[in-house]
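what would the 3D arrangement of this be:
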Amino acid sequence: MKYLVMAVSFITLSIVLLGCALDRPSGAGKKLTCEEHQSMAIFLNDWAKNNFDEAYGKKKDFDGAIAQFFMIKNKAPFPYAQLFNRYQAKAQENISLAKKKGCDVSTYPMFPIEQFEVGVDSLKNEK
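Alright, predicted model coming up:
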């Protein structure tokens, strides 16, 4: 139980710190190049993969993942769900701005919430 509390505390702290680091003023994305937009899309996708793996994937915690996915999809007022939804919005804003600039977004990875869903489906198939 002690280790579970420590792990949850570490994950929560990591999420909060990462959220603060990515928080940028509105309009900052308008200055990015096409390459920077793609890098941002990759970063957000990798962030989602890594967070899912650390919180649920490595532990094969399908029940926890499906419960968290429900909270994310329903925009629950919990830090983990809020962060996924905030990064989802950032990814959508990023791709929208990239398209407006004429960037080729065909190779951009999926959005954070879609990546979380892929992880949930993967755990479901392992069950």
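
residue 126 contacts residue 59, correct?
No. Counting by C-beta atoms under 8 Å, residue 126 stays clear of residue 59, with 11.8 Å between them. Heads up, the C-betas are built off the backbone N, CA and C, glycines and all.

neighbour count: those two, which is higher?
For residue 126 and residue 59, the more surrounded residue by other C-beta atoms under 10 Å is residue 59, and the numbers stand at 13 against 9.

tell me the SS of the more buried one?
What DSSP: H, G, I helix; E, B strand; the rest coil gives for residue 59 is coil.

ok, now how distant is it from residue 116?
Per C-beta to C-beta, to the nearest Å, residue 59 is found 15 Å from residue 116.

over to residue 80?
10 Å.

what sits in contact with each of those two?
Common contacts of residue 80 and residue 116 (C-beta atoms under 8 Å, 6 or more residues apart in numbering): 68, 72.

so those two - more neighbours on which side?
Set residue 80 next to residue 116 and count neighbours by other C-beta under 10 Å: residue 116 wins out with 24 against 17.

what strand or helix carries the more buried one?
helix 112-126 (DSSP states H and E).

give the buried residues for that helix.
If you call a residue buried by 16 or more other C-beta atoms under 10 Å, then helix 112-126 has these buried ones: 112-113, 115-117, 119-120, 123.

could those go into a markdown table alongside pLDDT and distance to residue 38?
Converted to a markdown table, the buried residues of helix 112-126 look like this (pLDDT from 0 to 100; distance: C-beta to C-beta, whole Å):
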| residue | pLDDT | distance to residue 38 |
| --- | --- | --- |
| 112 | 96 | 16 |
| 113 | 96 | 19 |
| 115 | 95 | 16 |
| 116 | 96 | 21 |
| 117 | 96 | 22 |
| 119 | 96 | 22 |
| 120 | 97 | 26 |
| 123 | 94 | 29 |
